[in-house]
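Asker: all I have is the shape, not the residue letters:
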């Protein structure tokens, strides 16, 4: 008996575990490989599992998932580089079904992997895949770091933003540095009553303004968990700056000192890279392939993310599920060529994820709004307006905030007339106000 | 700094998985600048990964190096950085 599997899944996180579970439920012989000891140990959470995942057909099992905190709104906070006199705007979901949940990757992926094992998949940890077996233009299995060759009919590459397996197989290319964001995340514990006092009981926060420069695609976020929160900030790799610079700036800001320093207890400091790009060009054409002869690419590795928010949990799980289905269907038809596996693309194009992948790319929106420098200048002006005009900023101060942008209208005016409704619509979608 | 970088995570050595080709490297320092952990240093005008104990396997160095001097792979199975609160 040769060591041959129907499907080998590389990476046991959001995409991989769901792919293995789905394929195993279809009666396939599945091997799920994880390079770490426990699933979910190698990834850093951006934070929020959106409501999209819970309404997706096929992902109903998520009702039992280990969730941390239900979130119903987002607060935008604009502050200057010292974090003084921030302007706040809160958007709240008007629909109870449109909520998100924060999750810890470790708890969540461990749970997902257990589901895959229960479905009959074979799980092997501490195993790093270094290469694929390629014969006659087909991917026919994987090679582990110990030199062991394991054969399969279909390989599902769910190895994250770096997509090393997809690159090895010749299906994808390395992401360019302007499409990758490196995110530093700090985990803090905090009593629940303090979270509620700070207005983080069911709301997450995003900080804009010169405190976190938009020209490098950077903003600070705070995602509340059950009795803890994640503080994160990203920086584009192409900025050639480390995001820790902005994290330190934020931790020295007045805002942090006033609100969190006395109540939050530091627990962990970590970072990782995320893709900012769903591999779609401006004509909605896929620039990178998500499948090839004997291989399917799922999750961040395949660019399955919301191009505007960069949220990837939902995309990873739905693409994993569809990869499992596509593998099962192609194997049963006996056609695992690129053409046979193209049913994967047909499947995801029918799902919500495809629409999310087509959303305008955040950095594109910033760039089109008159260039990165202008955004920087306008946030400086806004901060000036905010600082000079208000002691206690209120949401109704939005008009004055907008007036901060007025001097720039002759630069960005033509763009605003055409694109502002689109930008506004995206913000509303993000806040969960509209659908 | 009040909070210590990488505190609260576990690390076990997993070999040398960031290989920089000195023939191709121009010593432009981009990889040194993007690395949050200060893993890479310039040795004799060429980049070299020297401080693996600070590496989070984010591969920023690999992404930023568009001339292809850096070869990135994963540390050996079960080693490298691990997060409980990721």
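Answerer: Okay, I see it. As the structure is a computational prediction, the values presented were derived from the model and not from experiment. Numbering: from 1, shown residues only, chains lettered A, B, ... in the order given.
Asker: quick one: low-confidence parts of chain B?
Answerer: The model of chain B has pLDDT under 70 over residues B:1.
Asker: return the residues of it in contact with chain A.
Answerer: B:1-9, B:30, B:33-37, B:56-60, B:62-64, B:66, B:72-78, B:80-86 (CB under 8 Å from any CB of the partner chain). (Glycine included, C-beta is placed from N, CA and C.)
Asker: what about 7 Å?
Answerer: Chain B comes close to chain A at residues B:1, B:3-9, B:30, B:33-36, B:56-60, B:63-64, B:66, B:73-74, B:76-78, B:82-86, as judged by CB under 7 Å from any CB of the partner chain.
Asker: what about the closest residue to residue A:244 other than its chain neighbours, neighbour count?
Answerer: Among residues not flanking residue A:244 along the chain, residue B:36 sits closest, at 4.6 Å (CB to CB, 6 or more residues apart in numbering or on different chains). If you count neighbours by other CB atoms under 10 Å in any protein chain shown, residue B:36 ends up with 26.
Asker: ok, residue A:37 next?
Answerer: Using other CB under 10 Å, residue A:37 is surrounded by 15 other residues.
Asker: list the contacts of the closest residue to chain B within the stretch 101-250 of chain A.
Answerer: Per CB to the nearest CB, residue A:126 is where the stretch 101-250 of chain A lies closest to chain B, at 3.4 Å. Neighbouring residues of residue A:126 by CB atoms under 7 Å, 6 or more residues apart in numbering or on different chains: A:37, B:77-78.
Asker: would you turn those residues into JSON lines with secondary structure?
Answerer: Conversion of the contacts of residue A:126 to JSON lines gives the following (DSSP: H, G, I helix; E, B strand; the rest coil):
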{"residue": "A:37", "secondary structure": "coil"}
{"residue": "B:77", "secondary structure": "coil"}
{"residue": "B:78", "secondary structure": "coil"}
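Asker: from the residues of chain B next to chain A, which would you call buried?
Answerer: Buried by 16 or more other CB atoms under 10 Å in any protein chain shown: B:3, B:5-6, B:8-9, B:30, B:33-36, B:56-60, B:63-64, B:73-74, B:76-78, B:82-86, out of those.
Asker: now flag whichever of the contacts of residue A:126 is closest to residue A:120.
Answerer: residue A:37 (22.2 Å; CB to CB).
Asker: which strand residues bridge the residue of the stretch 201-350 of chain A found nearest chain B?
Answerer: Using CB to the nearest CB, the single residue of the stretch 201-350 of chain A nearest to chain B is residue A:268, 2.8 Å away. Per DSSP bridges, the residues bridged to residue A:268 are residue A:187.
Asker: wait, what's in contact with it?
Answerer: Counting by CB under 7 Å, 6+ apart, residue A:268 touches A:187, B:7-9, B:83, B:85.
Asker: residue B:30 now?
Answerer: A:240, B:64-65.
Asker: also residue A:319?
Answerer: Residue A:319 touches A:15, A:298-299, A:302, A:304, A:348, A:353, counting by CB under 7 Å, 6+ apart.
Asker: which of the buried ones among the residues of chain B next to chain A fall within helices?
Answerer: Counting by DSSP state H, the part of those found in helices is B:30, B:33-34, B:60, B:63-64.
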